[in-house]
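Asker: Pasting the sequence and the predicted coordinates here, then a few questions.
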Amino acid sequence: MVRLSTIHNFAQARGDVAKNFAAARLVRRPRHAKRQTPLCVWIGLGAGLPRAELLGLRWEDIEYLNSDLGVLVVQRRVNYLGKGINRLERDGLKNGDPFKRVHIGSLMLDVLRMRWVHQLAQRRAALEPGQRRWRGVDYEPNTRTGFNFTNPTDGTPMNPLSADKALAAIRDRAGLDVERFHALRHAFTRLLRASGTRDCLAMKMTGHRDAAMLDYYDEGLESEQIEAAQRLDERLRMLRHRA
């Protein structure tokens, strides 16, 4: 099981996104256009959004304050209700609020820039003969519009199952001690509180109305229990040696 410290270093585990973005701009399309990039995982971890809210993000929902700071205006949810029922888009948040504002830093902005590069490449790949019919936005390179996270073959909002697969693909390599996409909110809450964020601010960023929910999302991870057991073992060995 991975250690909690690896979560704090998730940016390094993924690599220097900013450098990768610069290189990605030179690529006309991904080598595997149908393969989903796990960038949604990093936004889930860096913004603490539930999966449905993450998939409901549109480029128009991003406010760029400067080169190092932005705001996600979260105001809709996207779910798939099951086979044959298709996609359901709903306005507002799960707790009934019409929207919430989540500030993000430069790393998350770099991830979003890279995501836009991938979307442009996927749109170009979809124009090739034999590809499925494109139903998403006909992107203009200089005008970001439409949903942030989309299916690579047709441009429709990403299916939640695809987000789960993206997490599974990157979890071990990134050292994330989580099993479900929703658990990224737990990691997000822990990172907020560990960085000294006041509970009232953490509640705004997570969308919780009850402070007790912060304690629920700040529950100990299994990796922390392992670390605690190891520290206790070392302490007991010292006591035994003194005896």
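Answerer: Here it is on my side, so go on. Being a predicted model, the structure only gives us computed values, none of them experimental.
Asker: looking at the chain, which helix or strand does the model trust least?
Answerer: helix 17-24 (a mean of 41; mean pLDDT, DSSP states H and E).
Asker: What's the first helix or strand after it?
Answerer: With elements assigned by DSSP states H and E, the helix or strand that comes after helix 17-24 is helix 39-47.
Asker: Quick one: distance of that following helix to the chain centre.
Answerer: 2 Å (CA atoms, centre = their mean, to the nearest Å).
Asker: which residues touch stretch 234-243?
Answerer: Applying CB atoms under 8 Å, 6 or more residues apart in numbering, stretch 234-243 has no contact partners. Every residue, glycine included, has its C-beta placed from N, CA and C.
Asker: now the residue nearest to the spatial centre of the chain: how far from A211?
Answerer: Nearest to the mean C-alpha position of the chain, by CA atoms, centre = their mean, lies G44 at 2.0 Å. Distance check for G44 against A211: by CB to CB, to the nearest Å, it reads 23 Å.
Asker: Give me the nearest residue to F147, chain neighbours excluded.
Answerer: Leaving aside its sequence neighbours, F147 sits nearest to P157 (CB to CB, 6 or more residues apart in numbering; 4.7 Å).
Asker: swap that for L109, please
Answerer: Using CB to CB, 6+ apart, the nearest residue to L109 is G70, at 5.3 Å.
Asker: what's near enough to touch the residue nearest to the centre of the chain?
Answerer: Here G44 is in contact with R51, L54, A163, L167, F181, L184, R185, F188 (CB under 8 Å, 6+ apart).
Asker: 6 Å - rerun?
Answerer: If you count contacts by CB atoms under 6 Å, 6 or more residues apart in numbering, G44 has them with L54, L184.
Asker: likewise the one 3 residues further on?
Answerer: Taking CB under 6 Å, 6+ apart as the criterion, A47 is in contact with L72, V102, I104.
Asker: switch to 10 Å and redo it
Answerer: 53-54, 57, 72, 74, 102-104, 108, 111, 184-185, 188, 205-206 (CB atoms under 10 Å, 6 or more residues apart in numbering).
Asker: for G155, same thing?
Answerer: Here G155 is in contact with 119, 122-123, 126, 132-139, 146-147 (CB under 10 Å, 6+ apart).
Asker: Could I get the full set of helices for this protein?
Answerer: Secondary structure of the chain (DSSP state H): helices at 5-8, 10-14, 17-24, 39-47, 51-55, 106-126, 160-174, 183-194, 199-206, 212-217, 222-242.
Asker: for these, which one sits closest to V78?
Answerer: Evaluated with CB to CB, the helices of the chain place helix 51-55 nearest to V78, the distance being 4.2 Å.
Asker: Please name every helix or strand in contact with that closest one.
Answerer: For helix 51-55, the packing partners by 3 or more CB pairs under 10 Å, 6 or more residues apart in numbering; DSSP states H and E come out as helix 39-47, strand 69-74, strand 76-80, strand 87-91, helix 160-174, helix 183-194.
Asker: That one: how far from the chain's middle?
Answerer: Distance, stretch centre to chain centre, for helix 51-55: 9 Å (CA atoms, centre = their mean).
Asker: Is there a neighbour count for the residue nearest to L201 when sequence neighbours are not counted? I'd like the number.
Answerer: In space, and not counting its chain neighbours, L201 is closest to L192: 8.0 Å by CB to CB, 6+ apart. The number of residues packed near L192 is 21, by other CB atoms under 10 Å.
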